[in-house]
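Participant: Sharing a model prediction with you, sequence too.
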There are 2 protein chains.
Amino acid sequence: MNDRPAYELLAAELREAILTGDLTGRMPSVRTLAERHAVGTDVARRALELLRSEGHVITKHGSGTYVRTFQRIMRRSPGRLSAGQWGAGQMIQDADTGPRARQVNVVVDETPAPDYVAEALGVALGEPVLYRSRQFLVEDRPVQLSTSHLPLDIAGAGSRLFYTDVGPGGTYARLAELGHAPVRFTERLTARAPRPDEVERLDLESSVGAIVIEITRCAYTAADRCVEVNRMVLDATAYELEYAFTA
Amino acid sequence: MNDRPAYELLAAELREAILTGDLTGRMPSVRTLAERHAVGTDVARRALELLRSEGHVITKHGSGTYVRTFQRIMRRSPGRLSAGQWGAGQMIQDADTGPRARQVNVVVDETPAPDYVAEALGVALGEPVLYRSRQFLVEDRPVQLSTSHLPLDIAGAGSRLFYTDVGPGGTYARLAELGHAPVRFTERLTARAPRPDEVERLDLESSVGAIVIEITRCAYTAADRCVEVNRMVLDATAYELEYAFTA
DNA sequence: AAGTGGTCTAGACCACTGC
DNA sequence: CAGTGGTCTAGACCACTTA
């Protein structure tokens, strides 16, 4: 009753070898696997592709496919967003990723609000809002894209929130100083295939078989106003998310 | 500079047509698309596969590929697990999915604790524990697998928790009656490609391009004991998850 | 029976890496 | 320059649905 496709069987065999530790470092090449298992090269490639979307291997174009030394980033909520974190002047991202992390390609600008931002912030579609975009690297690998929007009546042109470096404690510490401290958050998330621009910016080697987690977070003040909406796109193989809450 | 692969370009074109509403109902067949866009059938198929993993279309083997009308299920936390929910005798799943949902293939048994269960419940690896497994259908489509483990000293053989139908309010209402009401929860989640058995049980039509969200939830009592660990596997295209919390 | 999506081949070509 | 992964073809065959 082995009617499962050949690439799945091959993937299962390789997965087993990886999990038992028999396979480490560089995997056999696509062509080697194809010959050894008497299948076409595409079948061998699909088997590796499957293992990649499971997070077991990573591929480097032109170099090879490597067993992943599996250390997912644990992203904890609400711990990472507790007032103690940003109140103490920590970068919020520190709680996610530790000191291995870096922020790059920070872009700050004014843009017309896209639909989901307009809805969340309660402004008109296309009304100008503050736009902050950045990438997070861990061990020089891009693992997260973050695009944040804030209303201009709070984060005006003179504000520190317009600086590339927003200062100690991050965005939320600045919002608190301006009298708009966030007190509660909602995060909505989906998992999906990446779009082409995300493939490039997350260095994902093709969209087929890749998976991202999209998180849209809204930060609300005590007056129940949404003062920031942040959309994050995470390389799903790099993360594990934890949420803690009470009944 | 259109050096992006052909299947991505084709997918982009189709995606656009879907989002503007120009394409509804059944998509052109793989062979039609291949001929019309002067590409091989496999390229056309991969384009559709990409749209599928983005959640834009669903494929029915032998029938066709269809633009998805499926409203994503909003899974809210902690709202869905508040004491008000199960205390009032609601099924917990109701908060997720509404009355469209059904539970099928309920299996209750005693099994040796697997590694993650043993760790969470604080029992020895392989020690017998209560095992409850089920599938959730929404509009006759399987969207979630759920496998729950409980310690036998709480959920013993005589307990209502051993029944297939656990009664009004579900597992947590029974635990409360036994003096082990859960007061807090943690959920850990990852997104990944499905394993072969999950492909079959979630009716996913092949593992390539499919995405599942795996959630492992632990329920803790006031005495800080973990009394249930529940591992859920969700069809990622069917769900949107929301978590709300305070700073 | 005709049409559909899924698998698979045997090879070609390209882009990239690393010696 | 040899080896690698990624794309692509032109078709074959299979499993499945629909009528």
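Facilitator: Received it, and whenever you're ready, just let me know what you need. If you're wondering where the values come from, they're calculated on a predicted model, not measured in any experiment.
Participant: Just after the lowest-mean-pLDDT helix or strand in chain A, pick out the following helix or strand.
Facilitator: Ranked by mean pLDDT, DSSP states H and E, the weakest helix or strand in chain A is helix A:92-97, scoring a mean of 49. Next in sequence after helix A:92-97, counting helices and strands by DSSP states H and E, comes strand A:101-112.
Participant: helices or strands next to that next one in the packing?
Facilitator: In terms of contacts (3 or more Cβ pairs under 8 Å, 6 or more residues apart in numbering or on different chains; DSSP states H and E), strand A:101-112 is packed against helix A:92-97, strand A:128-138. Where you see a C-beta, it was placed from the backbone N, CA and C, and this is true even at glycine.
Participant: tell me the secondary structure for A:Tyr116?
Facilitator: Look at A:Tyr116: counting by DSSP: H, G, I helix; E, B strand; the rest coil, its state is helix.
Participant: list the contacts for it?
Facilitator: A:216, A:229, A:231 (Cβ atoms under 8 Å, 6 or more residues apart in numbering or on different chains).
Participant: Now for the first one: which residues touch it?
Facilitator: By Cβ under 8 Å, 6+ apart, the contact set of A:Thr216 is A:116, A:120, A:187-189, A:229-232.
Participant: so the helix or strand harbouring it versus strand B:212-221, what angle?
Facilitator: In the assignment (DSSP H and E), A:Thr216 maps to strand A:212-221. Counting by axes from the mean of the first three to the mean of the last three Cα atoms, to 10 degrees, strand A:212-221 lies at 50 degrees to strand B:212-221.
Participant: Within the sheet, what are the partner strands of the next helix or strand after strand A:212-221, with directions?
Facilitator: Next along the chain after strand A:212-221, taking DSSP H and E as the criterion, comes strand A:226-235. Paired neighbours of strand A:226-235 in the sheet (DSSP bridges): strand A:141-151 (antiparallel), strand A:212-221 (antiparallel).
Participant: just the contacts of A:Tyr116 now: which is nearest DNA strand C?
Facilitator: A:Arg231 (28.0 Å; Cβ to the nearest atom of the strand).
Participant: A:Gly158: neighbour count?
Facilitator: By the criterion of other Cβ atoms under 10 Å in any protein chain shown, A:Gly158 has 7 neighbours.
Participant: ok, it to DNA strand D distance?
Facilitator: A:Gly158 sits 46 Å away from DNA strand D, going by Cβ to the nearest atom of the strand, to the nearest Å.
Participant: Can I get the one helix or strand A:Leu33 maps to in PDB, CA atoms only?
Facilitator: Following DSSP H and E, one finds A:Leu33 within helix A:30-36. Output of helix A:30-36 as PDB, limited to C-alpha atoms (Å, rounded to 0.1, in the frame of the first residue of the first chain):
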ATOM      1  CA  VAL A  30      19.900  16.600  -6.300                       C
ATOM      2  CA  ARG A  31      21.600  14.600  -9.000                       C
ATOM      3  CA  THR A  32      23.200  12.200  -6.600                       C
ATOM      4  CA  LEU A  33      19.900  11.500  -4.900                       C
ATOM      5  CA  ALA A  34      18.200  11.100  -8.300                       C
ATOM      6  CA  GLU A  35      20.700   8.500  -9.400                       C
ATOM      7  CA  ARG A  36      20.900   6.700  -6.100                       C
END
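Participant: touching chain B at all, that helix?
Facilitator: No: interface with chain B: helix A:30-36 contributes nothing (Cβ under 8 Å from any Cβ of the partner chain), its closest point being 15.7 Å away.
Participant: interface residues of chain A facing DNA strand D?
Facilitator: Counting by Cβ under 7 Å from any atom of the strand, the residues of chain A lying close to DNA strand D are A:3, A:27, A:29-32, A:41-42, A:45, A:48-49, A:59-65, A:205-206, A:208.
Participant: Narrow these to just the buried residues.
Facilitator: Neighbour-count burial (16 or more other Cβ atoms under 10 Å in any protein chain shown) is assigned, among these, to A:27, A:30, A:45, A:48-49, A:59, A:65, A:206, A:208.
Participant: what pairs with A:Glu110 across the strands?
Facilitator: Bridge pairing for A:Glu110 - DSSP bridges - gives A:Leu130.
Participant: quick one: contacts for it?
Facilitator: A:Glu110 neighbours (Cβ under 8 Å, 6+ apart): A:128-131, A:152, A:157.
Participant: which of the residues of chain A next to DNA strand D come close to DNA strand C?
Facilitator: A:41-42, A:60-63.
Participant: Give me the subset of the residues you listed that lies in strands.
Facilitator: Judged by DSSP state E, these include A:Lys60 as members of strands.
Participant: what does stretch A:132-148 rub up against?
Facilitator: A:73, A:93, A:97, A:100-108, A:131, A:149-150, A:161, A:166, A:171, A:198, A:201-203, A:228-235, A:238-239.
Participant: Give me the buried subset of those residues.
Facilitator: Buried, going by 16+ other Cβ under 10 Å: A:73, A:93, A:97, A:101, A:108, A:131, A:149-150, A:161, A:166, A:171, A:198, A:201-202, A:228-235, A:238-239, out of the contacts of stretch A:132-148.
Participant: Centroid-nearest residue for chain A?
Facilitator: A:Leu234 (1.4 Å; Cα atoms, centre = their mean).
Participant: Give me the pLDDT for it.
Facilitator: For A:Leu234, the model assigns a pLDDT of 94.
Participant: Also A:Asp42?
Facilitator: Confidence score, pLDDT, at A:Asp42: 91.
Participant: For the residue of chain A found nearest DNA strand C, give me phi and psi.
Facilitator: For chain A and DNA strand C, the shortest gap (Cβ to the nearest atom of the strand) falls at A:Gly62, measuring 2.4 Å. The phi/psi pair for A:Gly62 (degrees, to the nearest 10) reads phi 90, psi -10.
Participant: can you tell if the helix or strand containing A:Glu13 touches chain B?
Facilitator: Taking DSSP H and E as the criterion, A:Glu13 maps to helix A:6-19. Yes: judged by Cβ under 8 Å from any Cβ, helix A:6-19 and chain B are in contact via A:7-8, A:12.
Participant: Brilliant, that's me finished.
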